[in-house]
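using only what follows, build the 3D model:
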Amino acid sequence: MKGVTTQQGRETLNKFKMEAANEVGVNLKQGYNGDLTSREAGSVGGQMVKKMIDAYKTGSRN
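Alright, predicted model coming up:
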């Protein structure tokens, strides 16, 4: 998580990632997830971006 400088920021981003993974049905574990396929990893990242865009559009930037 390059660029996230505080422990709270890392924890928040990790929680967000886990929520996004759960929404798209990808089983993430704490720590290393190198066994994910590119499709699974991409779907998690895509869901995160979608949620960030939706939050920006609605003005809820928590």
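
wait, what's in contact with the residue nearest the centre of the chain?
Geometric centre of the chain, nearest residue: K17, 2.3 Å, by Cα atoms, centre = their mean. Going by Cβ atoms under 8 Å, 6 or more residues apart in numbering, K17 touches 28, 44, 48. Just so you know, the C-beta spots here come from the backbone N, C-alpha and C atoms, and that holds for glycine as well.

and if you look at Q47?
Q47 sits in contact with 20-21, 23-24, where contact means Cβ under 8 Å, 6+ apart.

need the buried ones from the residues you listed selected in ChimeraX.
To isolate the buried members of the contacts of Q47 in ChimeraX, using 16 or more other Cβ atoms under 10 Å:
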select :20,21
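
how about low-confidence regions in this protein?
1-2, 60-62 (pLDDT under 70).

so which residues of it form helices?
Ranges of helices in the chain, per DSSP state H, are 7-24, 38-58.

now those in CSV, with distance to Y32?
Listed next are the helices of the chain as CSV, based on distance: least, Cβ to Cβ, whole Å:
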stretch, distance to Y32
helix 7-24, 13
helix 38-58, 12
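
if we can go back for a sec, between the contacts of Q47, which is nearest D35?
Set against D35, the nearest of the contacts of Q47 by Cβ to Cβ is A21 (13.4 Å).

tell me the contacts of the closest one?
A21 makes contacts with 27-28, 44, 47, as judged by Cβ under 8 Å, 6+ apart.
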